[in-house]
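[1] Attaching a predicted model along with its sequence, questions to come.
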Amino acid sequence: MESGMVSVDRWTAGSQVYFLTHLHADHLCGLTSKWSRGPLYCSRITAKLFPIKFPDFDLSLLRIVEIGHWHSVSLLSPSCGSYTDVDFMAIDAHHCPGAVMYLFRGEFGCTLYTGDFRWESTSERAQTGRTMLLKAMKDVKLDMLYLDNTYCNPTYCFPSREAAAKQVLNIISSHPNHDVIIAVDTLGKENLLLYISRVLKTKIWVWPERLQIMHLLGFHDIFTTKTSVTRIRAVPRYSFNIETLEGLNTIRPTIGIMPSGLPWAPRAFRGKEKLSSESPPVLLHNRWPTDVTTSSTSSKPNGGSLSAGRDDHYIYTVPYSDHSCFPELQKFIEFVMPINIKGIVSSSASNVDPLYHFGSLCRIQQASVLLCQSLRNKRYEKVGVINMRSSFGCTGTMQLGRKRRKRQISSAGIHVSRVRLLRRERQGVKIVDTDPD
DNA sequence: GCGATCAGAT
DNA sequence: CACATCTGATCGC
């Protein structure tokens, strides 16, 4: 697509219309309540949740894209100076509430931007998306696929969320007298919590801001902010660590559950000591058979498989992910048959360029050339170039601005805490309820 | 002083 | 290693 027309999850100047796939913070960089660069298209659920993230946002700028319906907007083509129609459709991304992919069609051809997405074959909801996509792309070739390449590496292989949820349930059931804390973000993994609540017939504690989101999503009698009524709590992921668990265990026996597609144990769970050089990290995936059933044998506290001490005795990692794993990405690409692919996540070495693994599934001739370029870019990425969220027709890269100057003089503590308090005021207080009182 | 934005940590 | 998020430092205004 030509530059200067459409941006997806990218909020720099220069586009005529802007699309948001979902409300996770890493897709909102640059977006603020003072937004005025143009209309912002999003799903209905995202629009409903929008004021929580951006309280003072001018809601008249929001345009709701109904899932499964074609919409159209007339945009000025910067090159020929005339207007051209861009048709677009939102399709359920099965990521977090409100998350969608966008399919664009116009003179430029056909482009699909997945945003973050999960492509499970099992659920009925997934089948709906499949049918929708098939119908929308009937008779056209997909020229460009912008792909969620979070787990674009064959080592990333994990079961369906349904299977992972059963693992979580087994872990909880095998600790009938323990409190349980589950790490979640501000949005996402609701179905896991709903499943636990339904099977165990119990409410689940969440922090106040999260309860507000649950209510907006229509879950009214399942979640609570009263700690006394349940032994199961969903806590912010950033507050979930060994120290928290140890603190809780001085009060009551408590286990922690970390739902994550990441194959490595997060550093927070490894204890303070460094991994010794003669014992390299072990892939936790060795404990995650892809055909997991309800058997609980695959889940053990993390302590055993890594060289960390027994600090992480209480923590279980379960492969519950809202991103597609590698085999799912492969199936997805075989399904949509794109001519070219670009990854939308590109800030680290572990996010492999999709063309490396899937180039052979594309119809482009210059895959190897593009790969070389891409690897070269990656090598220099940390030196001076940041890859941005992809924007059609744009290079996707920009120079780093000013160099940050390190100052010897640190700020006064008063200023620091003020900044934090202001942020909390805006975004809602994080409350973990880990204090023993 | 304030908001924006970055790097770094979890 | 980094899923998304928070924190603190520093920049420009």
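    All right, it came through fine.

[2] residue contacts, the residue of the stretch 1-150 of chain A found nearest DNA strand C?
    Nearest residue of the stretch 1-150 of chain A to DNA strand C: A:Ala25, at 2.8 Å (CB to the nearest atom of the strand). Any C-beta I mention is one placed from the backbone N, CA and C, and that applies to glycine too. Residues in contact with A:Ala25, defined by CB atoms under 8 Å, 6 or more residues apart in numbering, are A:Thr186.

[3] Can you check the pLDDT for it?
    A:Ala25 is assigned 89 on the pLDDT scale.

[4] Backbone dihedrals for it, please?
    phi -60, psi -30 (degrees, to the nearest 10).

[5] Which parts of chain A belong to which domain?
    The record's domain parsing of chain A by the TED database lists A:6-155+A:323-370, A:159-266+A:313-320.

[6] what's around A:Tyr238, how many residues?
    11 (other CB atoms under 10 Å).

[7] separation between it and DNA strand B?
    Distance of A:Tyr238 to DNA strand B, given as CB to the nearest atom of the strand, to the nearest Å: 5 Å.

[8] Provide the secondary structure category for that residue.
    helix (DSSP: H, G, I helix; E, B strand; the rest coil).

[9] Confirm that A:Glu246 sits in a strand.
    No. A:Glu246 is assigned helix when assessed by three-state DSSP, not a strand.

[10] For stretch A:59-78, which residues meet the burial criterion?
    For stretch A:59-78, burial by neighbour count (16 or more other CB atoms under 10 Å) applies to A:62-63, A:65, A:67-68, A:73, A:75, A:77.

[11] Stretch A:50-57 too?
    Neighbour count says stretch A:50-57 has A:50, A:52-54, A:57 buried, by 16+ other CB under 10 Å.

[12] Among the residues you listed, which lie within helices?
    If you go by DSSP state H, these have A:50, A:52-53 in helices.

[13] Which one of those residues is nearest to DNA strand B?
    A:Lys53 (12.5 Å).

[14] Assign the residue lying closest to the closest one once chain neighbours are set aside to helix, strand or coil.
    Spatial nearest neighbour of A:Lys53, chain neighbours left out: A:Leu23 (5.9 Å); criterion: CB to CB, 6 or more residues apart in numbering. Following three-state DSSP, A:Leu23 is assigned to coil.

[15] A:Leu23 is in contact with A:Pro51, isn't it?
    No. Counting by CB atoms under 8 Å, A:Leu23 stays clear of A:Pro51, with 10.9 Å between them.

[16] residues touching A:Leu211, list them.
    A:223-225.

[17] Who are the packing partners of the one helix or strand A:Ile181 maps to?
    Applying DSSP states H and E as the criterion places A:Ile181 in strand A:179-184. Under the contact criterion of 3 or more CB pairs under 8 Å, 6 or more residues apart in numbering; DSSP states H and E, strand A:179-184 touches helix A:190-200, strand A:232-236, helix A:242-249, strand A:254-259.

[18] what does the longest one rub up against?
    What it means is helix A:190-200. Counting by CB under 8 Å, 6+ apart, A:96-97, A:161, A:164-165, A:168-169, A:172-173, A:182, A:184, A:202-204, A:214, A:217, A:219, A:222-223, A:232, A:234, A:259, A:320 sit against helix A:190-200.
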